[in-house]
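>>> next input, structure requested:
(chains A and B)
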Amino acid sequence: MSSKDHGIHPESTRPPVIEPGYTFGSVTDKISAIALKKRTPLGWFIGFGITFMMTMMLMYTIGYLVTTGIGIWGNNQPVGWAFEIINFVWWIGIGHAGTLISAILLLFRQQWRTSINRFAEAMTLFAVTCAGLFPLLHTGRPWLAYWLFPYPNTMGMWPQFRSPIVWDVFAVSTYATVSALFWFVGLIPDLATLRDRAKRHGAKVIYGMLAMGWRGSAQHWHRYETAYLLLAGLATPLVVSVHTVVSFDFAVAIIPGWHATIFPPYFVAGAIYSGFAMVMTLAIPLRKFYGLEDFITMRHLRNMSKIMLATGLIVAYGYMIEAFMAWYSGNQYESFMIKNRMTGPYGVFYWLLIACNVITPQFLWIKKVRHSVAALFVISIVVNIGMWLERFVIIVTSLHRDFLPSSWEIYKPTVWDFSMFFGTIGLFVMLLFLFVRFLPVISIFEMRTLLPEAEVKEEPA
Amino acid sequence: MTSSRKPTIYGLIAEFDNPNKLLHAARSAHEEGYRRMDCYTPYPIEELNEAIGVRHTKLPFLVLLGGVMGGVLGYFMQYWINVVDYPLNIGGRPQHSWPAFIVPTFEMTILGAAVAAVLGMLALNGLPRPHHPIFNAPNFALASRDRFFLCIEADDPKFDLEKTARFLESFGAREVSDVEN
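Have a look, this model is predicted:
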């Protein structure tokens, strides 16, 4: 983490990763003040209030769902899986960018990740929380969800490990655990900073307990950095495996449009694509309202837009291969599936998804667009919508007309499908509001290492 | 702890403005023969490890151990469940269909290693530890902001309250003070 690229060299044409003029003290004070200041801005209360109400809508939906049954949703044979799996895949995918930024970019020594990794990881954690709700509630009896895990029981039964659904339980629960650990380990030194800066007794005690007595000893830093690097190394294959396993839920089935070898890489690229779009959607208002333009600079936004463009092209390639394989396989069900997908009752969603996910990111080739915050914000939202549509199209169009025309049916979501989906968006943003208010949104100790004064040149007194 | 007991000395601490002075002081102290000492900094400084002879951590070994244990446990759990205790015929596939067991095995490996990395780091660092004598040092709250500290502990064989204090003062410290236990 102690590298030389501060991006502050005057001859560099790229914008810096941190604006010049900051010191250890000012970086610390500026970031910790967001969590520690006494007065909470009015805008925070408005945003929190709205998302809190959305969360209450989610709670109401869950209450009604649990007492009535999953029949309140629109899915039924032949579309037995609909919003709950669409939303699950969408949320899990969004989470992936957080791990990518914090782990993979760390291993590649990409200094610019430093100011966005903390809230990207928080985003991962909250997205996985929202994702987990859907399969949990789709079981119908969520209070028995522990049956999914292998544990000795009086029924004498065990899970069936040849099923991708069981793999998913392992992949997603491991992912949630490791993301939480990674996030918390990253927070420890900053919690110590907040403990030492806090004025109020309550804040001191709470941050103090969470910091676990961190004192910044050189011995501790050495083990800490080893652990952090190892965790990054472990999270990297993990994140790739998670969406691969999610894609196995589909690819292992024989449904036309799902049974494809392109699925794992195409899903992983799509996950990173949507995740970066979400990081952008969150980073742009965050840096504006909290005045963090000096830390989350244009350099970050430009780099993220380039990653979006690259992963967007991989996703476009995935769409192309899907269509090509449907034709090349010579399989009548596959070729019907793609024709039905493009021109059937849900055809408009397919073309909307192409417009959102394939056409829109092409604007990112233009330098002017990459330099415009407003344009990036709009594109990131369009991509988020497009990635949701992608999962809708993959899931619904493959299921609603499969092998047997007599079982064909049109799927329509109900109001409860939507209240649940928008409810999780509310929960996600509400958790982010709480996070921004009470924890350092940017990794303070890693920002210190980026400052020019962090470069150590031994000097006799 | 009765109030009549005089507090003992934990060590002497020197406070520096910047990492360069700290590094010089730490290296000199190590060369002078001091061994029981530690630096406290707001961010990790690799150069210090070598200067004060921070020992190689055995954490990577623990992580390897955790990963291997998670993987072995994960695989044999599936083998025992799906082959021995509760065999199911799934589409006529062999009972011991090992390729299907790879995914949970992989996830358990990662989980074991990650948990070992976090718990191992905390355990080797002796955390959580809510209180430590070093927090008694003046200005120590700034160790998590922009100050750099070097502490030579009283149980070092070469430690001498006056000599060590004079030694520390010679490196341009802002302040040298004693830390009570």
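
>>> find the centremost residue of the chain, please.
All of this refers to chain A. Centrality entry for chain A: nearest residue to the mean C-alpha point is A:Gly95, 2.0 Å, by C-alpha atoms, centre = their mean.

>>> ah, I was thinking of chain B
The structure's chain B has its C-alpha centroid closest to B:Asn125; by C-alpha atoms, centre = their mean the separation is 3.5 Å.

>>> distance check, it against chain A.
Applying C-beta to the nearest C-beta, to the nearest Å, the value for B:Asn125 to chain A is 5 Å. (Glycine included, C-beta is placed from N, CA and C.)

>>> ramachandran coordinates for that residue?
Note on B:Asn125: its backbone torsions stand at phi -80, psi -10 [degrees, to the nearest 10].

>>> got a list of what it touches?
Shown in contact with B:Asn125 (C-beta atoms under 8 Å, 6 or more residues apart in numbering or on different chains): A:Ser217, A:Gln219, A:His220, A:Arg223, A:Tyr224.

>>> again with A:Ile86
Counting by C-beta under 8 Å, 6+ apart, A:Ile86 has contacts A:Trp388, A:Arg391, A:Phe392, A:Ile395, A:Val396.

>>> can you redo those residues as a markdown table with pLDDT, secondary structure and neighbour count?
What follows is the contacts of A:Ile86, written out as a markdown table (pLDDT from 0 to 100; DSSP: H, G, I helix; E, B strand; the rest coil; neighbours: other C-beta atoms under 10 Å in any protein chain shown):
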| residue | pLDDT | secondary structure | neighbour count |
| --- | --- | --- | --- |
| A:Trp388 | 94 | helix | 21 |
| A:Arg391 | 92 | helix | 21 |
| A:Phe392 | 93 | helix | 23 |
| A:Ile395 | 92 | helix | 24 |
| A:Val396 | 92 | helix | 24 |
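
>>> which one of the residues you listed is nearest A:Ile116?
Closest approach between the contacts of A:Ile86 and A:Ile116, by C-beta to C-beta: A:Trp388, at 22.7 Å.

>>> out of the contacts of B:Asn125, which comes closest to A:Val239?
Closest approach between those and A:Val239, by C-beta to C-beta: A:Tyr224, at 21.9 Å.

>>> look up how far B:Met37 lies from that closest one.
19 Å (C-beta to C-beta, to the nearest Å).

>>> show me where pLDDT drops low in chain B?
Residues of chain B meeting the criterion pLDDT under 70: B:1-7.

>>> now the strands for it?
Listed in chain order, the strands of chain B (DSSP state E) span B:9-16, B:37-40, B:148-153, B:175-180.

>>> out of those strands, nearest to chain A?
Shortest distance between chain A and the strands of chain B, using C-beta to the nearest C-beta, is found for strand B:37-40: 4.1 Å.

>>> format the strands of chain B as a markdown table; extra columns: distance to chain A.
Output for the strands of chain B, formatted as a markdown table (distance: least, C-beta to the nearest C-beta, whole Å):
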| stretch | distance to chain A |
| --- | --- |
| strand B:9-16 | 9 |
| strand B:37-40 | 4 |
| strand B:148-153 | 8 |
| strand B:175-180 | 12 |
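
>>> can you pull the contacts of A:Ala227?
So A:Ala227 contacts A:Val185, B:Leu59, B:Val63, B:Ala117, B:Val118, B:Gly120, B:Met121 (C-beta under 8 Å, 6+ apart).

>>> which SSE is it in?
Taking DSSP states H and E as the definition, one finds A:Ala227 inside helix A:218-251.

>>> now A:Met447
When elements are assigned from DSSP H and E, A:Met447 belongs to helix A:444-450.

>>> what packs against that helix?
On a contact count with 3 or more C-beta pairs under 8 Å, 6 or more residues apart in numbering or on different chains; DSSP states H and E, helix A:444-450 meets helix A:24-36, helix A:114-138, helix A:164-197.

>>> now the residue in the stretch 1-150 of chain A positioned nearest to chain B: closest residue in space that isn't a chain neighbour?
Residue of the stretch 1-150 of chain A nearest chain B, by C-beta to the nearest C-beta: A:Phe24 (3.6 Å). Spatial nearest neighbour of A:Phe24, chain neighbours left out: B:Asp146 (3.6 Å); criterion: C-beta to C-beta, 6 or more residues apart in numbering or on different chains.

>>> report the contact partners of that neighbour.
Taking C-beta under 8 Å, 6+ apart as the test, what B:Asp146 contacts is A:Thr23, A:Phe24, A:Gly25, A:Thr28, B:Pro42.

>>> rewinding a little: the residue nearest to the centre of chain A: what's it in contact with?
Per C-beta under 8 Å, 6+ apart, neighbours of A:Gly95: A:Met123, A:Thr124, A:Leu125, A:Ala127, A:Val128, A:Ala131, A:Tyr175, A:Ser179, A:Ala271, A:Gly275.

>>> quick check, the third one in contact with A:Phe184.
Spelled out, it's A:Leu125. No - contact criterion C-beta atoms under 8 Å: A:Leu125 and A:Phe184 do not qualify, at 9.6 Å.

>>> those two: which is more packed in?
The neighbour comparison of A:Leu125 against A:Phe184 (other C-beta atoms under 10 Å in any protein chain shown) goes to A:Leu125, with 18 against 15.

>>> let me see the contact set for that one.
The contact partners of A:Leu125, by C-beta under 8 Å, 6+ apart, come to A:Gly95, A:Gly98, A:Ala176, A:Ser179, A:Ala180, A:Trp183.

>>> need the residues you listed in JSON lines (columns: distance to B:Val103).
Shown next, in JSON lines, are those (distance: C-beta to C-beta, whole Å):
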{"residue": "A:Gly95", "distance to B:Val103": "19"}
{"residue": "A:Gly98", "distance to B:Val103": "22"}
{"residue": "A:Ala176", "distance to B:Val103": "16"}
{"residue": "A:Ser179", "distance to B:Val103": "18"}
{"residue": "A:Ala180", "distance to B:Val103": "21"}
{"residue": "A:Trp183", "distance to B:Val103": "24"}
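
>>> centre of the chain to the longest helix anywhere in chain B, how far?
In chain B, assigned by DSSP state H, the helix with the most residues is helix B:98-124. Offset of helix B:98-124 from its chain centre (C-alpha atoms, centre = their mean, to the nearest Å): 21 Å.
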